[in-house]
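**Student:** coords below, sequence missing:
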């Protein structure tokens with residue numbers, strides 16, 4: 001269960017963000033409205049939402065998920081694969097330091113985007129992509145294993161981030177697309193396979209009793225609803241123009257049963 005979320009405002013410089021999409025220039029006013037509805041949806045799901053000010057210097061900073069990995073046992077500061085985004089981490093570090101006694105971090109030469117990290121219970125799948133290199137994945141794996149978590153590495157060549165092509169809904173159910181649908185690391189899951197024309201919908205998020213999905217992808221929406229999940233559809237048109245998805249827009253923090261300290265032998269309370 002998630003207890004809170006951290007989001008960051010939409011910068012007026014959003015149109016200068018890194019993108020491979022050919023969908024036109026994002027409209028800042030529409031993006032702000034879509035971001036507000038996203039925040040309201042998180043609140044509807046029972047989360048306390050902290051909103052950081054927009055960082056105009058960093059056009060991609062609204063995609064706050066890429067700056068950190070947050071768990072019930074530890075917080076880890078990422079080192080984004082795009083050099084222009086690394087300054088985004090500083091503001092997030094300040095916020096997370098209020099929630100964790102200590103923060104781990106990925107260091108040079110490792111690179112890691114939070115969008116490449118998928119948590120399934122006490123196990124983490126780390127994507128090897130153009131943004132997360134093997135050294136960054138190795139560092140994260142060592143940190144997570146030190147806190148008692150399991151880790152698998154998953155290579156993805158089709159997607160910007162691992163979670164661009166796969167999401168976990170709980171109950172052993174994955175929403176998955178493209179090359180990841182046949183990846184052996186996900187062989188044990190019950191899969192909702194997204195068709196090639198709806199791959200954007202593979203990035204959805206389970207938030208407590210709801211699943212947030214991007215609007216406009218009827219086949220995938222129907223498949224998820226058929227499993228008994230209660231859906232909240234959100235318009236994401238302006239963020240899609242700069243390669244952003246639903247999971248990118250927040251750091252979602254679980255309730256923690258107590259601070260955990262890392263030790264050379266594992267984890268102790």
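**Tutor:** That came through fine. Since the structure is predicted, the reported quantities are computational estimates derived from the model, not experimental observations.
**Student:** which residues of the protein fall in helices?
**Tutor:** Listed in chain order, the helices of the chain (DSSP state H) span 28-44, 89-96, 134-146, 218-226, 237-240.
**Student:** now do the fourth one, average pLDDT.
**Tutor:** If you average the pLDDT over helix 218-226, you get 97.
**Student:** and residue 201, how many residues sit next to it?
**Tutor:** Here the neighbour count serves as a burial measure; for residue 201 (other CB atoms under 10 Å) it reads 27. No exception for glycine: its C-beta is placed from N, CA and C like everyone else's.
**Student:** do I have it right that it meets residue 221?
**Tutor:** Yes. The pair residue 201 and residue 221 qualifies as a contact (CB atoms under 8 Å) at a distance of 7.2 Å.
**Student:** got any residues that touch both of the two?
**Tutor:** Taking CB atoms under 8 Å, 6 or more residues apart in numbering as the contact rule, residue 201 and residue 221 both touch residue 213.
**Student:** just the strands in the stretch 51-200 of the chain please.
**Tutor:** Residue ranges of the strands in the stretch 51-200 of the chain, as given by DSSP state E, counting those that start in this stretch, are 68-70, 75-77, 103-105, 117-120, 123-128, 150-155, 166-170, 173-177, 190-194.
**Student:** now do the fourth one: everything it contacts.
**Tutor:** Contacts of strand 117-120 with the rest of the structure, by CB under 8 Å, 6+ apart, involve 69, 71, 124, 125, 126, 127, 140, 162, 163, 166, 167, 168.
**Student:** what is the third one paired to in the beta sheet?
**Tutor:** For residue 124, the residues forming beta bridges with it (DSSP bridges) are residue 119, residue 151.
**Student:** list the contacts of it.
**Tutor:** When the contact criterion is CB under 8 Å, 6+ apart, the partners of residue 124 are 117, 118, 140, 141, 144, 149, 150, 151, 152.
**Student:** can you redo these as CSV with distance to residue 7, pLDDT and neighbour count?
**Tutor:** Putting the contacts of residue 124 into CSV (distance: CB to CB, whole Å; pLDDT from 0 to 100; neighbours: other CB atoms under 10 Å) gives the following:
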residue, distance to residue 7, pLDDT, neighbour count
117, 18, 98, 27
118, 20, 98, 23
140, 23, 98, 27
141, 28, 98, 17
144, 24, 98, 24
149, 25, 98, 20
150, 29, 98, 13
151, 27, 98, 17
152, 29, 98, 13
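**Student:** now, which of those sits nearest residue 107?
**Tutor:** residue 140 (11.1 Å; CB to CB).
**Student:** ok, the closest one - contacts?
**Tutor:** Each residue near residue 140 by CB under 8 Å, 6+ apart is listed here: 69, 76, 106, 110, 112, 117, 124, 126, 151.
**Student:** and the third one, how many neighbours?
**Tutor:** Counted with other CB under 10 Å, the neighbours of residue 106 add up to 25.
**Student:** nearest residue to it in space, please, no chain neighbours.
**Tutor:** Of all residues not flanking residue 106 in the chain, residue 79 sits nearest, at 4.2 Å (CB to CB, 6 or more residues apart in numbering).
**Student:** please list all residues in contact with the one you found.
**Tutor:** Residue 79 makes contact with 86, 89, 105, 106, 107, 108, 110, 111, 112, 136, according to CB under 8 Å, 6+ apart.
**Student:** and if you look at residue 230?
**Tutor:** By CB under 8 Å, 6+ apart, the contact set of residue 230 is 209, 210, 211.
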